[in-house]
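Asks: Generate a structure from the sequence data that follows.
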Amino acid sequence: MTKRLVLAGLGHAHLFVLEALAQGRLAGCEVLVCTGEQEHVYSGMVPGWLGGRYDRSELVLDTDALCRWAGATRVPHHVRGVDPVARTVTLDNEERVPFDLCSIAVGSTPAGLEAPGAREHAVPLKPLHNVQRLHDTLAELARHGSGAVTIVGAGLAGLEMAFAARARLEQCGAHGDAITVRVIGRERGLVPERGARLARQLERACTRRRVTLELGVTVHEVRADALRLSDGRTLPSQLTVWATGAAAPAWLAESGLSVDDRGFLLVDAHLRALGASHVFAAGDCATPASWRATPKAGVYAVRMGPVLADALSAVVQGRALPASYAPQRQFLALVNTGDGRAIASRGAFAVEGRWAMRWKDRLDRAFIARFRTRR
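Replies: The predicted structure is shown next:
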């Protein structure tokens with residue numbers, strides 16, 4: 001009897017599931033991909049595109065083409081709920097889709113958007129197609145010749161977007177300091193979880209790239225052309241980019257599945273939802289129950305992908321589950337500084353150079369090519 005596997009969302013981990021389907025490892029399984037996105041955007045190359053290193057076509061995959069290649073069917077709606085008892089997912093048009101197996105890879109949403117004015121006036125990095133709006137708005141600021149760009153969130157993603165914004169402004173002819181690019185972060189130092197050496201490298205890059213740091217403060221209000229901070233200051237900001245940490249989509253906690261204290265789905269070592277062996281999850285939306293401090297970073301979603309594909313293949317074929325997932329203790333970060341260089345960091349190690357950007361470029365291109373060349 002044919003099993004129906006519903007893929008809720010098309011996060012990076014689900015690309016590996018589609019690859020397994022194309023390879024015949026999910027034979028006898030009907031696969032539905034529920035996503036309203038017509039393109040899969042590879043997040044690792046977004047700052048490079050914004051900064052002019054890549055054409056847009058180089059970092060996107062057509063979701064319909066991916067599904068045709070794999071032999072899956074795309075349902076063009078986002079998932080807004082899952083019922084593990086009734087075995088249905090609810091779409092944003094209120095349709096209910098039944099499943100035998102479900103895998104969830106819907107990513108996360110930016111945290112803190114409940115701040116007054118944030119939803120109205122800030123541009124969140126997710127979904128990633130919002131970056132097109134940033135691309136166009138930065139060009140408008142460059143033509144105007146003055147203004148301020150603020151990145152809210154001083155993690156690696158926020159800093160990389162600040163470097164990319166400066167590169168985009170330069171590309172459009174805005175040189176010098178007529179347009180301010182600043183980063184606001186709640187911590188008093190940069191990326192304290194990754195060590196002092198990387199922090200120093202990032203601070204030097206900020207100085208070189210004319211990115212101002214406002215640390216140890218939070219945003220209390222976002223206006224159309226300004227921000228009000230927790231220390232009482234009001235700063236001009238013609239473009240505010242929301243690049244804060246990850247928050248869980250609210251419907252995950254409403255599903256009845258086990259979630260962590262932030263609302264992300266708890267999964268076992270085989271990426272199965274706790275208490276629901278027919279539901280799997282990977283990427284930002286999932287938290288390994290035995291490693292709850294695992295960062296919400298794309299590198300973990302990519303590492304989860306092959307494990308998820310193997311687990312689903314085993315269930316479909318009635319085999320024992322294969323090797324389990326254990327997140328790496330440290331991961332390589334390659335931060336594009338927008339000027340042909342990158343900072344490479346792993347553990348206490350951090351070093352910058354053009355060679356690091358070439359390394360990042362090769363890794364990113366190899367990932368996207370893995371799923372593009374066989375469409």
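Asks: and the end-to-end length of stretch 250-260?
Replies: End-to-end distance of stretch 250-260 (CA to CA, to the nearest Å): 12 Å.
Asks: ok now it, how far from the chain's centre?
Replies: How far stretch 250-260 lies from its chain's middle: 20 Å, per CA atoms, centre = their mean, to the nearest Å.
Asks: Next, the buried residues of that stretch.
Replies: For stretch 250-260, burial by neighbour count (16 or more other CB atoms under 10 Å) applies to 252-253, 255, 257, 259-260. Where you see a C-beta, it was placed from the backbone N, CA and C, and this is true even at glycine.
Asks: Show me which pair in the residues you listed is furthest apart.
Replies: Spanning the widest gap among the buried residues of stretch 250-260 are 255 and 260, at 13.5 Å by CB to CB.
Asks: what's the helix or strand for the nearest residue to residue 127 once chain neighbours are set aside?
Replies: Leaving out its chain neighbours, the residue that sits closest to residue 127 by CB to CB, 6 or more residues apart in numbering is residue 37, at 7.0 Å. Using DSSP states H and E, residue 37 falls within no helix or strand.
Asks: so residue 37 sits right up against residue 10, yeah?
Replies: Yes - applying CB atoms under 8 Å, one finds residue 37 in contact with residue 10, separated by 6.5 Å.
Asks: how far away is the residue nearest to residue 127 from residue 160?
Replies: Between residue 37 and residue 160 the computed distance is 22 Å (CB to CB, to the nearest Å).
Asks: Same question for residue 277.
Replies: 38 Å.
Asks: More neighbours: these two, which one.
Replies: residue 160 (27 against 14; other CB atoms under 10 Å).
Asks: so that one sits in a helix?
Replies: Yes - counting by DSSP: H, G, I helix; E, B strand; the rest coil, one finds residue 160 located in a helix.
Asks: residue ranges of the helices in the stretch 151-300 of the chain, please?
Replies: Counting by DSSP state H, counting those that start in this stretch, the stretch 151-300 of the chain has these helices, from start to end: 156-171, 196-208, 250-253, 298-317.
Asks: Just want the angle from the longest one to helix 156-171.
Replies: I take that to be helix 298-317. 120 degrees (axes from the mean of the first three to the mean of the last three CA atoms, to 10 degrees).
Asks: how long is stretch 13-32 from one end to the other?
Replies: End-to-end distance of stretch 13-32 (CA to CA): 15 Å.
Asks: Just the buried residues of it, please?
Replies: Neighbour-count burial for stretch 13-32, counted by 16+ other CB under 10 Å, picks out 13-22, 25-26, 29, 31-32.
Asks: And the contacts of that stretch?
Replies: Stretch 13-32 has contacts (CB atoms under 8 Å, 6 or more residues apart in numbering) with 2-7, 33, 40, 61, 66-67, 69-75, 97, 99, 101, 103, 105, 282-283, 301-302, 304-306, 308-310, 312-313, 316-317, 370-371, 374.
Asks: And these, which of them are buried?
Replies: Counted by 16+ other CB under 10 Å, the contacts of stretch 13-32 give 3, 5-7, 33, 40, 61, 66-67, 69-70, 72, 74-75, 97, 99, 101, 103, 105, 282-283, 301-302, 304-306, 308-310, 312-313, 316, 371 as buried.
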